[in-house]
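Novice: no letters, just coordinates:
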């Protein structure tokens, strides 16, 4: 039973799911807007919002925390130098999910997740 278990499984084992979330988070930080399924976007949103909250303070500890999750140094650098200062005065709610309809191939609900 999954009573009170937090988070989405996304039909994957733990390691592939972690890799998927890390790659999506890195892409979102680098490109600031990505198109993915609604379920993946909803699972990604809290993870990236925590990363942006952490990146508001630019020091070595923060850089190491971001490096644990983001797969490229380019993404870490952008989070610390661009996104952190951009949202310095904002308390939260850095991302927006916009539904754009079903995917033609398999009918999966597709959304765009982007920074506000």
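Specialist: That came through, no problem. All values derive from a computational prediction rather than experimental measurement.
Novice: hey, let's count contacts and neighbours off CA atoms from now on
Specialist: Will do.
Novice: what is the neighbour count of residue 17?
Specialist: Per other C-alpha atoms under 10 Å, the neighbour tally for residue 17 reads 15.
Novice: mind listing what's buried along the helix or strand hosting residue 43?
Specialist: Residue 43 is located in helix 38-54, with elements delineated by DSSP states H and E. Neighbour-count burial for helix 38-54, counted by 16 or more other C-alpha atoms under 10 Å, picks out 38, 40, 41, 42, 44, 45, 48, 49, 51, 52, 53, 54.
Novice: which SS state does the closest residue to the fourth one other than its chain neighbours fall under?
Specialist: When the adjacent residues along the chain are set aside, residue 42 lies closest to residue 97, with 7.8 Å between them (C-alpha to C-alpha, 6 or more residues apart in numbering). Applying DSSP: H, G, I helix; E, B strand; the rest coil to residue 97 yields a three-state assignment of strand.
Novice: pretty sure residue 97 contacts residue 40?
Specialist: No: using C-alpha atoms under 8 Å, residue 97 is not in contact with residue 40; the gap is 10.7 Å.
Novice: sorry, back to before: any residues touching the helix or strand just after the helix holding residue 43, and which ones?
Specialist: Downstream of helix 38-54, the next assigned helix or strand under DSSP H and E is helix 60-69. Applying C-alpha atoms under 8 Å, 6 or more residues apart in numbering, the set of residues contacting helix 60-69 from outside is 22, 51, 54, 55, 73, 76, 80.
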